[in-house]
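Chemist: Here you go, sequence then predicted model.
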Amino acid sequence: MSHVNLILEQWGRVRPDLDVTPMGLTGRLKRIARIIEREMEPVFAKHGLNLASFDVLATLLRSGEPYRLSPGELIANSMVTSGTMTNRIDQLVKAELVERIKNPEDGRSVHIALTQRGKGVIDRALEDHVQNLHRLTCGLDEPVFAELDRLLEQYLGTLESDD
């Protein structure tokens with residue numbers, strides 16, 4: 001019996017008056033997310049990164065040449081919260097993976113840009129990350145993978161529409 005099923009069974013005994021079915025779904029999603037993050041950390045660490053720094057560098061790379069965005073655009077397009085973005089950028093500047101450059105359209109503001117070193121690091125980290133994600137999902141055959149992806153997209157859409 002899975003950990004989540006055990007918890008559901010226990011709730012069923014203690015509070016049979018409650019429909020705890022959603023706990024199964026959310027509990028499994030939380031456990032999956034924790035496992036995936038745990039499995040991603042060593043891949044990022046191999047490149048001197050963590051999940052948040054990888055996300056910032058990947059966001060800059062995804063933006064295309066010249067690989068630069070304003071801090072606001074970085075926040076809007078990454079999974080890093082605004083409260084941690086300044087600190088994250090400071091650390092990446094210190095590591096010489098990004099640099100602050102004057103906004104060419106408005107010299108009063110700055111853009112965050114990948115350095116040549118940062119571009120090399122994120123390119124290598126991205127290749128290892130994608131390979132790791134394939135490893136983490138290889139237990140699902142293609143039809144199951146596609147259906148799970150479709151269902152999760154639908155579920156995520158219902159949650160994001162509430163924002």
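Modeler: Ah, there it is.
Chemist: For the helix ranked longest in the chain, which outside residues touch it?
Modeler: Criterion DSSP state H: the longest helix present in the chain is helix 21-45. Around helix 21-45, the neighbours that count as contacts under C-beta atoms under 8 Å, 6 or more residues apart in numbering are 3-5, 7-8, 11, 50-51, 53-54, 125, 128-129, 132, 136. To be clear about C-beta, it is placed using only N, CA and C from the backbone, and glycine gets the same treatment.
Chemist: Narrow these to those that are buried.
Modeler: Val4, Leu8, Ser53, Phe54, Ala125, His129, Asn132 (16 or more other C-beta atoms under 10 Å).
Chemist: For the fifth one, list the residues it contacts.
Modeler: For Ala125, the contacting residues are Val43, Phe44, Lys46, His47, Leu49, Phe54, Leu57, by C-beta under 8 Å, 6+ apart.
Chemist: For those, give me JSON lines that also has pLDDT.
Modeler: Below are the contacts of Ala125 laid out as JSON lines (pLDDT from 0 to 100):
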{"residue": "Val43", "pLDDT": "98"}
{"residue": "Phe44", "pLDDT": "98"}
{"residue": "Lys46", "pLDDT": "98"}
{"residue": "His47", "pLDDT": "98"}
{"residue": "Leu49", "pLDDT": "97"}
{"residue": "Phe54", "pLDDT": "96"}
{"residue": "Leu57", "pLDDT": "97"}
